[in-house]
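Participant: Next input, structure requested:
(chains A and B)
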Amino acid sequence: MSKFSKKRGKADPAISTASLPDIIFMLLFFFMVVTVLRDAELKVNVSTPYATELTKLEEKSLVNYLYIGKPTQKYQALYGTKPRLQLGDKFATVADIPLFLEKHKIKVPEARHGQITSSLRVDGEVTMGIVQDVKTQLRKSGQLKVNYSAKKDPDAK
Amino acid sequence: MAKKSSRDRMSNEINAGSMADIAFLLLIFFLVTTTIVEDKGITVKLPPWSEEEPDITKLKKRNVFSVLVNAQDQLLVRGEPTQVEDLRERAKTFISNPFNAEDMAEKPTKAIISLKNDRGTSYEAYLRVYNELKAAYNELWDELSQRKYGVPYSDDMPFAYKKEIRSEIPFVLSEAEPTAFGEE
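Facilitator: Sure, this is the predicted structure:
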């Protein structure tokens, strides 16, 4: 068949790059959807402990984060080294928790209020005293779904 | 130089080659600014707040599995010092009570785990203990599920199965107010 033998002569050496932007855009959109912009600068050191019985937090919009840990180097001059609570992007006290929860709640449709989870991201070295105070405050505020943030134990089974 | 009339250029198409560069720039921006946070943890349902202390005197002693973690992160399980590694096995035998021992839970539905810590206990130790207790239940659920339905216990198993298993071995963990001891 002569159809095939002719091909070599006709070939155009330039590869069209017109679809390259589309591919890159696709990647871009993938990353935009998958990742969440960190909305708060961490002012406390949090290194969560290891655990094995983990559940994954599904919907990010239904989760609010409470950080507990020692203030980072930058803030130690001002706030000392005692473990502190951070809500949103600022240091807070236990008394600020109800307002913080309420502020998050108004962003969530009412039908889903029951599914809101509080993620406690607590440093492993923190003592239970402050954690207990936070837990008590959460219970008083009716926020009962809590997730103790932890890393997957690499040595497990 | 003779100026070319713009009409002559009409047939030229816009060069889309730089589009990829712009998209790349955006892509790199997003790659750098975002962090994929590992959002995993131990999910817990806290009890609703009530002013009065729960009355635990009515419970039979044999049904209560008391775990104490002190400010030195040491463990006391039913009155004897224990290592955290043994906690899971002990909790499992207590809940399932395979040999119908006198001092263990009458049946899994009656078993109650009571966890108490000091204010000076480190969070790491607390979570480790909590994790072991949860693991004990998870293993028991898994065993029951294998026996009854032949499938491992997981979150995507049919809801009815899960409910059945959870009602047969309910997860009851009561946390007492911590003692004010050893706080920094």
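
Participant: can you list contacts of the lengthiest strand in chain A?
Facilitator: Longest strand in chain A, counting residues (DSSP state E): strand A:63-71. Contacting residues not belonging to strand A:63-71 are listed as A:40, A:42-47, A:57, A:76, A:78-87, A:91, A:97, A:100-101, A:104, A:116-123, A:125-126, A:130-131, A:134, A:147, B:39, B:123 [Cβ atoms under 8 Å, 6 or more residues apart in numbering or on different chains]. In short, each C-beta sits where N, CA and C put it, glycine included.

Participant: same check, this time on stretch A:47-62
Facilitator: Among residues not part of stretch A:47-62, those counted as contacts by Cβ under 8 Å, 6+ apart are A:36, A:63, A:69, A:107-108, A:112, A:115-117, A:119, A:121-124, A:147-154, A:156-157, B:39-43, B:123-124, B:127-128, B:131, B:134-135, B:138, B:155.

Participant: following the longest strand of chain A, which helix or strand shows up next?
Facilitator: Heading C-terminal from strand A:63-71, the first helix or strand you meet, by DSSP states H and E, is helix A:73-79.

Participant: what comes up buried for that following helix?
Facilitator: Of the residues in helix A:73-79, those scored as buried under the neighbour-count criterion (16 or more other Cβ atoms under 10 Å in any protein chain shown) are A:Tyr75.

Participant: Now do it: distance to the chain's middle.
Facilitator: For helix A:73-79, the distance between its averaged C-alpha position and the chain's averaged C-alpha position is 24 Å (Cα atoms, centre = their mean, to the nearest Å).

Participant: Tell me which strands the helix or strand just after that helix pairs with, and in which orientation.
Facilitator: Moving toward the C-terminus from helix A:73-79, the next helix or strand (DSSP H and E) is strand A:84-87. Sheet partners assigned to strand A:84-87 using DSSP bridges are listed as strand A:63-71 (antiparallel), strand A:90-92 (antiparallel).

Participant: what sits up against strand A:84-87?
Facilitator: Counting contacts by Cβ under 8 Å, 6+ apart, the residues touching strand A:84-87 from outside are A:40, A:42-44, A:66-71, A:91-94, A:96-97, A:100, A:130, A:134.

Participant: residue ranges of the helices in chain B, please?
Facilitator: Taking DSSP state H to define them, one finds helices in chain B at B:6-9, B:17-33, B:84-96, B:123-149, B:159-168.

Participant: and these as JSON lines, adding mean neighbour count, mean pLDDT and distance to chain A?
Facilitator: As requested, the helices of chain B are exported to JSON lines (neighbours: other Cβ atoms under 10 Å in any protein chain shown; pLDDT from 0 to 100; distance: least, Cβ to the nearest Cβ, whole Å):
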{"stretch": "helix B:6-9", "mean neighbour count": "8", "mean pLDDT": "54", "distance to chain A": "20"}
{"stretch": "helix B:17-33", "mean neighbour count": "14", "mean pLDDT": "80", "distance to chain A": "4"}
{"stretch": "helix B:84-96", "mean neighbour count": "17", "mean pLDDT": "89", "distance to chain A": "10"}
{"stretch": "helix B:123-149", "mean neighbour count": "20", "mean pLDDT": "91", "distance to chain A": "4"}
{"stretch": "helix B:159-168", "mean neighbour count": "13", "mean pLDDT": "87", "distance to chain A": "14"}
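
Participant: A:Ala95 - that's part of a strand, no?
Facilitator: No: using DSSP: H, G, I helix; E, B strand; the rest coil, the assignment for A:Ala95 is helix, not a strand.

Participant: Give me the spatial nearest neighbour of it, chain neighbours excluded.
Facilitator: Computed as Cβ to Cβ, 6 or more residues apart in numbering or on different chains, the closest residue to A:Ala95 that is not its neighbour in sequence is A:Gln137, at 7.8 Å.

Participant: residues contacting the one you found?
Facilitator: Listed by Cβ under 8 Å, 6+ apart, the contact set of A:Gln137 reads A:94-95, A:97-98.

Participant: farthest-separated two in these?
Facilitator: Using Cβ to Cβ, the pair of these lying farthest apart is A:Val94 and A:Pro98, separated by 9.6 Å.

Participant: ok, back up a step: so which of the helices of chain B comes closest to B:Lys110?
Facilitator: So among the helices of chain B, helix B:84-96 is nearest, using Cβ to Cβ, at 9.7 Å.

Participant: and A:Tyr148, which of the three is it?
Facilitator: Under the three-state scheme (three-state DSSP), A:Tyr148 adopts strand.

Participant: what about it, distance to B:Asp103?
Facilitator: Distance check for A:Tyr148 against B:Asp103: by Cβ to Cβ, to the nearest Å, it reads 31 Å.

Participant: One more: A:Arg112?
Facilitator: In this view, A:Arg112 and B:Asp103 are 45 Å apart by Cβ to Cβ.

Participant: need the helices for chain A, in chain order.
Facilitator: Here chain A has its helices, by DSSP H, at A:2-5, A:7-10, A:20-34, A:73-79, A:97-105, A:128-140.

Participant: packing partners for the longest one?
Facilitator: Pointing back at helix A:20-34 there. Contact analysis of helix A:20-34 by 3 or more Cβ pairs under 8 Å, 6 or more residues apart in numbering or on different chains; DSSP states H and E lists helix B:17-33 as its packing neighbours.
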